[in-house]
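K.L.:
can you look at this prediction? I've put the sequence above it.
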Amino acid sequence: MKKNYVIGVTMYFVLLLVSCGTAEKEKNNESAKAFPFMLPDEKPDRELSAAMERLYDDYAAPKPEENELFSQFKYTELKGFNYSDGDGTISRRDPSKIVFHNNKYYVWYTYRHTSTPPQGAKKSNDTIPSSDWDLAEIWYATSTDGFNWEEQGVAIKRPKKPIVGWRAVTTTDILEWKGKYYLYYQGFMEASGKRGDDCPVAVSYADSPDGPWTPYNKIVIPNGEEGEWDQYSIHDPYPLVYKGKIYLYYKSDTGVKPHWVRMQGLATADNPLGPFTKSPLNPVISSGHETSLFPFKQGIAALVYKDGNEHNTIQYAKDGVNFEIASITELMPYAAAPFVADAFTDTKDGRGITWGISHFINLGGRGKIHSKLVRFDCDLSQDIDDPEMK
Ligand code: AAL
């Protein structure tokens, strides 16, 4: 009798649970009917609005969290850099991508230490800077954890007039090629604001990231011919090794001041000192400001921010040339300089990035303008938990 009672009660609860489960499922089905766009991963088999077609055709996955090239960005203040209490006389900006060598991370950047903050082109002279990057040199710092940095001092000094870069050397990036290191940078021959920004790219080389750096003292990527999209400047040189060659991406300011149109081009070479051949498809990215790219799977991904119709996007070119929007995001790092573990390995399966350094600009307000380096963290990697990505 007791046994039958126990079985009866158990059956009652089992049936109750099953019927509740069925009711729940029915409720879900009902809501799925009411909202057929609960973002299924596969494109629904029915006529779609243009917005929904785009959602499936233009992006790698409709749900941002499932798109490997979607990320948001977290920022952390770096330790180890003195900014003279933010009085505008010291500035650090436009960092290079980060490399790992002998158990240390290295970053190179534009460093300005002047007697006054920037005063604009008219008031500038041999010691008064016109802009945040005028009269700058390239300095470097090392770190064992990516948060605490030790500034090591100058890597590239301004050369004597009239050598390329005599007014300022800025906005550098690093290449490792056949055991040697190359720093590419903008070489100013006039103050920024007085058309000094119409500058080409110069290069210095060394046997180790610690230097000493030998300047090549020649323009290695010249501005385009008159009428070409990059006739005014070659900025933000950014080299990677891809398809057995040096793939150097760069930005140019085209158009007419103040209506600059900033786009990005590509120049490739077999020798770091040139000659570089510009892609016949240039510009290859129609928007963005400073260049920030990394190998991803078989292709190259780019962070595109600040300027242009396609700003705030992460783009992908499976051939390194024909970029498409992979995702749209927000609060992107400016002048992003990621730690790219496979920047120079000629990988066919780029792992992506999880952190880097970027800059915050125009701090201090009028009269005290300067910039600061900050760390950013993100998830633009195939395998964020891989210790090699850290
Ligand atoms: C930056 C870069 C280049 C420009 C100036 C300094 O952020 O795009 O380097 O010339 O601004």
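P.N.:
Received, thanks.
K.L.:
switch to C-alpha atoms for all contacts and neighbour counts from now on
P.N.:
Noted.
K.L.:
most centrally placed residue in the protein?
P.N.:
Central residue of the chain (C-alpha atoms, centre = their mean): Ser292, 2.7 Å from the mean position.
K.L.:
gap between the residue of the stretch 101-250 of the chain found nearest the ligand and Ser84?
P.N.:
Closest approach between the stretch 101-250 of the chain and the ligand, counting by C-alpha to the nearest ligand atom: Thr171, at 4.9 Å. With distances taken as C-alpha to C-alpha, to the nearest Å, Thr171 is found 22 Å from Ser84.
K.L.:
of the two, who's got more company?
P.N.:
For Thr171 versus Ser84, neighbours defined as other C-alpha atoms under 10 Å are more numerous around Thr171 (29 against 11).
K.L.:
confirm the more buried one sits in a helix?
P.N.:
No - counting by DSSP: H, G, I helix; E, B strand; the rest coil, Thr171 is not found in a helix; it is strand.
K.L.:
now for Gly265: which residues touch it?
P.N.:
If a contact means C-alpha atoms under 8 Å, 6 or more residues apart in numbering, then Gly265 has 249-252, 278-279, 282-285 as its contacts.
K.L.:
could you rerun that using 7 Å?
P.N.:
With contact set as C-alpha atoms under 7 Å, 6 or more residues apart in numbering, Gly265 has these partners: 249-251, 282-285.
K.L.:
where's it, which helix or strand?
P.N.:
strand 259-269 (DSSP states H and E).
K.L.:
buried residues of that strand, list them for me.
P.N.:
The neighbour-count check on strand 259-269 (16 or more other C-alpha atoms under 10 Å) flags 261-269 as buried.
K.L.:
dump those to TSV, plus distance to Lys74 and pLDDT.
P.N.:
Output for the buried residues of strand 259-269, formatted as TSV (distance: C-alpha to C-alpha, whole Å; pLDDT from 0 to 100):
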residue	distance to Lys74	pLDDT
Val261	28	83
Arg262	26	92
Met263	26	95
Gln264	26	97
Gly265	28	97
Leu266	29	98
Ala267	32	98
Thr268	33	98
Ala269	35	98
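K.L.:
tell me which two in those residues are the farthest apart.
P.N.:
Within those, two members stand farthest from each other by C-alpha to C-alpha: Val261 and Ala269, at 26.1 Å.
K.L.:
rewinding a little: how far off centre is the strand holding Gly265?
P.N.:
When distances are taken as C-alpha atoms, centre = their mean, to the nearest Å, strand 259-269 is centred 15 Å away from the chain's centroid.
K.L.:
and the ligand, is that strand touching that?
P.N.:
No - figure legend: strand 259-269 not in contact with the ligand (C-alpha under 6 Å from any ligand atom); closest approach 9.3 Å.
K.L.:
mind checking how far Thr172 is from Ala343?
P.N.:
The gap separating Thr172 from Ala343 is 15 Å, by C-alpha to C-alpha.
K.L.:
before we move on, what about Lys218?
P.N.:
Distance, Lys218 to Ala343, by C-alpha to C-alpha: 25 Å.
K.L.:
equivalent analysis for Asp126, please.
P.N.:
With C-alpha to C-alpha as the criterion, Asp126 and Ala343 are 38 Å apart.
K.L.:
over to Ala326?
P.N.:
From Ala326 to Ala343 the distance is 20 Å (C-alpha to C-alpha).
K.L.:
and what of Leu266?
P.N.:
Shown here: Leu266 relative to Ala343, a distance of 16 Å by C-alpha to C-alpha.
K.L.:
and what of Pro64?
P.N.:
According to C-alpha to C-alpha, Pro64 stands 26 Å off from Ala343.
K.L.:
which of the two has more residues huddled nearby?
P.N.:
Higher neighbour count among Pro64 and Ala343: Ala343, with 25 against 15, using other C-alpha under 10 Å.
K.L.:
go ahead and confirm the more buried one touches Val241.
P.N.:
Yes - the pair Ala343 / Val241 is scored as a contact, 6.3 Å apart, by C-alpha atoms under 7 Å.
K.L.:
circling back: in JSON lines: the contacts of Gly265, plus neighbour count.
P.N.:
Shown next, in JSON lines, are the contacts of Gly265 (neighbours: other C-alpha atoms under 10 Å):
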{"residue": "Tyr249", "neighbour count": "26"}
{"residue": "Tyr250", "neighbour count": "27"}
{"residue": "Lys251", "neighbour count": "25"}
{"residue": "Asn282", "neighbour count": "18"}
{"residue": "Pro283", "neighbour count": "22"}
{"residue": "Val284", "neighbour count": "20"}
{"residue": "Ile285", "neighbour count": "26"}
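K.L.:
among those, name the ones in strands.
P.N.:
249-251 (DSSP state E).
K.L.:
near the ligand, which residues of the stretch 1-150 of the chain are found?
P.N.:
94, 133.
K.L.:
what about the helices in the stretch 1-150 of the chain?
P.N.:
Assigned by DSSP state H, counting those that start in this stretch, the helices in the stretch 1-150 of the chain fall at 2-34, 50-58.
K.L.:
worst mean pLDDT among these?
P.N.:
Here the lowest mean pLDDT among the helices of the stretch 1-150 of the chain goes to helix 2-34, at a mean of 48.
K.L.:
fine, thanks again, bye for now.
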